[in-house]
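Asker: I would like the atomic coordinates for the input below:
(one chain, ligands or ions: 2)
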Amino acid sequence: MYSRKLHITTFGCQMNVYDSGRLSELMRLKGWTMAKNQSDADFIFVNTCSIREKAARRVIGHLHKLKAMKYKNPNLIFGVGGCVAEQEGQNLLTEVPWLNLVVGPGRLDEIPDVVDALTASMPAVILSGRRPDESPSTPLGPVIPMASPKASPDFSVDNAAASETGPISAFLTIMQGCDNYCAYCVVPYLRGPETSRPHDEVVAEAAGLIARGAREITLLGQNVNSYSRTSSRRGLDFVKLLQEVDSLAGLSRLRFTTSHPKDFPPELVELFGCLTTLCEHLHLPLQAGSDKILSAMGRRYNRQRYLNLVDELRRACPDLALSTDIIVGFPGETESDFQCTMEMLDLVRFDSIYSFKYSDRPMTAAMRLPDKIDEDIKARRLNDVQQFQKTVTVAKHRSMVGRRLEVLVEGFGRRNGQLTGRSRDLKPVNFDGPPELIGRLVTVEVTEGFPASLLGVLQDDPPR
Ligand code: 5AD
Ligand code: SF4
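Answerer: Numbering: from 1, shown residues only. Ligands and ions are numbered 1, 2, ... in the order given. Presented below is the predicted three-dimensional model:
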């Protein structure tokens, strides 16, 4: 029997990747299979991101490129999801009139039923906000294995979840939305208020992922530290959740992202270096180095508090690798404010950073601020930040030569015969080895350090 085929392209954050996986699983339950490429598909879905202006523009450009497919196959159903869909709604149909379906992230679970009822000649369906009958604590749905793409901003992946067995490294969304309203950020307006999934459901899903072959799980949320919050203090429910997932048999590695520095209780700091599966890496967005800009951003910490937290974390776990997000050119950022950011990079010496030029986002408080920074100044500051960080990262990577790392082998490297994986501190490691090692933990001795990866030699001894 012919089964209808689905193709998904995912832009943006890991939470979008998780959502795409959930959609493909829900569609699979209705008899759909994944198309090998877009030209085989009966339904093409593009899951989008609008966190920064550049990301949103890239999505629109991608949609325009797909127009020809619609002419070739008039029965094709075309859907757009994610934050661009939520933000633009009806406007998206003006720009891209051949769309059949525009669905915000809160309405994703309705797609399979809607697609079943939809034909390409019907007027487009727009779903946004939360489902009218949904209570904030409604569980997100069934167990979905998700492959994790390389962490990088503005990535896109095709059919990320198209595997029958689960991935070696899986994502698991534990909470959605955000209550923080940082002045530059559109997320609270598009993803809504914080809602956490029930504890038992998350633990059961983690167990399911492990049963389907996951060795590594990354817990996801816009601000995972505020998970649940039935405890009186922020972060304690998250600590309990981490402890429980850590104790599941068969799990080798546990990670989480993203954390807000203002919600980091000592109990959470102490878990690093004490929970066996919790990996020695933390993404801790700093955003800016000057107290004036941090305050204007509404981040609710200052540089000293951030530095103290880094000290505490490194005391608890001396090998902890840190990555961060940096925005340059926030409205009102003077040259000396910017130098404070550069100073923080020097003081903390992050392992890696994601850096962005500030861009106005609709609805945000920063959009209405005066003293916008010229594009060429933003570009120069971005370049300064990236050049400086490159020297730090290369120095760190070179200092690792001779170290033996536990590597979870994720797939083939770029060169023939090469495999690639990640160390516990999230560094990409390439080495020569046989394909049977994919999905296994191995020991690799580092021989060279590059700006974005390590090269090493496979060792005989088993990983610790
Ligand atoms: N301009 C530039 N960068 C932004 N980010 C979020 N909103 C904006 C914006 N308006 C960055 C922040 C955040 C990351 C996911 O994207 O650094 O941590
Ligand atoms: Fe956006 Fe701030 Fe919430 Fe992160 S914590 S999602 S930057 S509002």
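
Asker: Shouldn't Glu343 be within a strand?
Answerer: No. Going by DSSP: H, G, I helix; E, B strand; the rest coil, the assignment for Glu343 is helix, not a strand.

Asker: Could you give the separation of stretch 253-264 from the chain centroid?
Answerer: How far stretch 253-264 lies from its chain's middle: 12 Å, per Cα atoms, centre = their mean, to the nearest Å.

Asker: That stretch and ligand 2 in contact?
Answerer: Yes. Stretch 253-264 reaches ligand 2 (Cβ under 6 Å from any ligand atom) through His260. Quick note: C-beta positions are derived from backbone N, CA and C, even for glycine.

Asker: Ranking helices and strands of the protein by mean pLDDT, which lands last?
Answerer: The least trusted helix or strand in the chain, going by mean pLDDT, DSSP states H and E, turns out to be strand 156-158, with a mean of 58.

Asker: Just give me the neighbour total for Lys30.
Answerer: 13 (other Cβ atoms under 10 Å).

Asker: what's the answer for Arg414, then?
Answerer: 8.

Asker: That one and ligand 2: what is the separation?
Answerer: Per Cβ to the nearest ligand atom, to the nearest Å, Arg414 is found 33 Å from ligand 2.

Asker: Can you point out the buried residues in the one helix or strand His62 maps to?
Answerer: Using DSSP states H and E, His62 maps to helix 53-65. Buried positions in helix 53-65, judged by neighbour count with 16 or more other Cβ atoms under 10 Å: Glu53, Ala55, Ala56, Arg58, Val59, Ile60, Leu63.

Asker: what separates whichever residue of the chain sits closest to ligand 1 from Thr258, distance-wise?
Answerer: The minimum distance from the chain to ligand 1, using Cβ to the nearest ligand atom, falls at Asp325 (3.3 Å). Asp325 sits 8 Å away from Thr258, going by Cβ to Cβ, to the nearest Å.

Asker: Could you pull out the strands in the stretch 201-350 of the chain for me?
Answerer: Applying DSSP state E, counting those that start in this stretch to the stretch 201-350 of the chain gives strands spanning 216-220, 253-257, 281-283, 321-328.

Asker: what about these, which gets the closest to Leu275?
Answerer: Leu275 lies closest, by Cβ to Cβ, to one member of these: strand 253-257, at 7.0 Å.

Asker: what's the neighbour count on the closest residue to ligand 2 within the stretch 1-150 of the chain?
Answerer: At 8.0 Å from ligand 2, Ile51 is the closest residue in the stretch 1-150 of the chain, using Cβ to the nearest ligand atom. The number of residues packed near Ile51 is 21, by other Cβ under 10 Å.

Asker: so where is this structure shaky, pLDDT-wise?
Answerer: 1, 131-166, 231-235, 464 (pLDDT under 70).

Asker: That one against ligand 2: which residues are in contact?
Answerer: Counting by Cβ under 6 Å from any ligand atom, the residues of the chain near ligand 2 are Cys178, Asn180, Tyr181, Cys182, Cys185, Val187, Pro188, Gln222, Asn223, His260.

Asker: Buried ones among the residues you listed?
Answerer: Buried among the residues of the chain next to ligand 2 (16+ other Cβ under 10 Å): Cys178, Asn180, Cys182, Cys185, Val187, Pro188, Gln222, Asn223, His260.

Asker: out of these, which touch ligand 1?
Answerer: Within those, those near ligand 1 by Cβ under 6 Å from any ligand atom are Cys185.

Asker: elements contacting whichever helix or strand Val429 is part of?
Answerer: Element membership for Val429, per DSSP H and E: strand 428-432. Other elements packing on strand 428-432 under the criterion 3 or more Cβ pairs under 8 Å, 6 or more residues apart in numbering; DSSP states H and E are strand 404-412, strand 418-423, strand 441-449, strand 454-458.

Asker: Any idea which of these gets closest to Asp376?
Answerer: strand 441-449 (33.1 Å).

Asker: quick one, the closest one and strand 454-458 angle?
Answerer: Taking axes from the mean of the first three to the mean of the last three Cα atoms, to 10 degrees, strand 441-449 and strand 454-458 form an angle of 130 degrees between their directions.

Asker: just use 58 as the starting number from now, easier for me
Answerer: OK, 58 is where the count begins now, so the last one is strand 498-506.

Asker: Can you pull the phi/psi pair for the residue of the stretch 258-407 of the chain found nearest ligand 2?
Answerer: The stretch 258-407 of the chain approaches ligand 2 most closely through Gln279 (4.1 Å), counting by Cβ to the nearest ligand atom. Dihedral pair for Gln279: phi -60, psi -30, per degrees, to the nearest 10.

Asker: where's the nearest residue to it once chain neighbours are set aside relative to Val514, distance?
Answerer: Once flanking residues are discounted, Gln279 sits nearest to Cys235: 4.1 Å by Cβ to Cβ, 6 or more residues apart in numbering. Distance, Cys235 to Val514, by Cβ to Cβ: 43 Å.
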